[in-house]
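Student: Curious how this folds, go ahead:
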Amino acid sequence: MRRTLSLLLVTSLTLAACGSIRDSRINPLNWFGRGQPAPVQQQAEHTNPLIPARGGLFANRRAAVEDYAGIPFEQVTALTVERIPGGAIVRATGLAARQGIYAVQLTPANDDEEPVNGVLTYRLEGVRPQQPTAVGAVPTREVIAARRLTDQQLRAVSQIRVEGQLNAQVARR
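Tutor: Coordinates of the predicted model:
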């Protein structure tokens, strides 16, 4: 009984002391203070603070990767266009002849990615490995690539076409 009463007394005194510690420097929540408005630092116009200004350990390798060596897929099996706020996501499913194709992407048919007669055309491409690979079952050869389009890019588009080597899929508005 004596122990319980002592423990209860110490606990209640500690809890009561929290009211006076609330505004003191002992409280860890007060160490940095409250947020204060501060002016924004001016930066150079065309710099992104998230991209380092100088190259890193792998800087030379990054420059070499810029050349995309993709080859169009054999078949485009499905095409969906999903509306999102501010645009749409074009998602294409392709079927390769062999396993192991990587770096799959939807490449625009023209450089400026503008629609021609209301048709926005992409090629489903992937990079093939250097060494020979197994053919494998159909699910192991399927890939999905997607591309985000803004409302401005979709303004004059009535059809989105994704081409492969053997076929093409078209989504109409």
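
Student: Give me the three-state assignment for residue 10.
Tutor: Here residue 10 is helix, with the state taken from DSSP: H, G, I helix; E, B strand; the rest coil.

Student: Can you tell me how far it is from residue 4?
Tutor: Counting by Cβ to Cβ, to the nearest Å, the separation of residue 10 from residue 4 is 11 Å. The way it works is simple: take the backbone N, C-alpha and C, and place the C-beta from them, glycine included.

Student: my guess is residue 102 meets residue 133, correct?
Tutor: No - with contacts counted by Cβ atoms under 8 Å, residue 102 stays clear of residue 133, the gap being 10.7 Å.

Student: So between those two, which is more surrounded?
Tutor: For residue 102 versus residue 133, the count of surrounding residues by other Cβ atoms under 10 Å is larger for residue 133: 15 against 10.

Student: In contact with that one: list those residues for me.
Tutor: 98, 99, 100 (Cβ atoms under 8 Å, 6 or more residues apart in numbering).

Student: Selection in ChimeraX covering whichever of those are buried, please.
Tutor: Buried subset of these, written as a ChimeraX selection, criterion 16 or more other Cβ atoms under 10 Å:
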select :100
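
Student: is residue 119 in a bridge, and if so with what?
Tutor: residue 116, residue 159 (DSSP bridges).

Student: what about it, how many neighbours?
Tutor: Applying other Cβ under 10 Å, we find 14 residues neighbouring residue 119.

Student: could you measure it against residue 163, distance?
Tutor: Distance from residue 119 to residue 163, by Cβ to Cβ: 11 Å.

Student: Residue 105 now?
Tutor: 13 Å.

Student: When these two are compared, which one has more neighbours?
Tutor: Taking neighbours as other Cβ under 10 Å, residue 105 and residue 163 compare with residue 163 leading, 20 against 16.

Student: which residue packs closest to residue 162, ignoring adjacent ones?
Tutor: residue 92 (4.5 Å; Cβ to Cβ, 6 or more residues apart in numbering).

Student: Could you name the helices and strands sitting against the host helix or strand of that neighbour?
Tutor: Per DSSP states H and E, residue 92 falls inside strand 87-95. When contacts are defined as 3 or more Cβ pairs under 8 Å, 6 or more residues apart in numbering; DSSP states H and E, strand 87-95 packs onto strand 75-84, strand 102-108, strand 119-127, strand 142-150, helix 151-154, strand 159-163.

Student: Skip the chain neighbours and tell me the closest residue to residue 103.
Tutor: residue 127 (4.4 Å).
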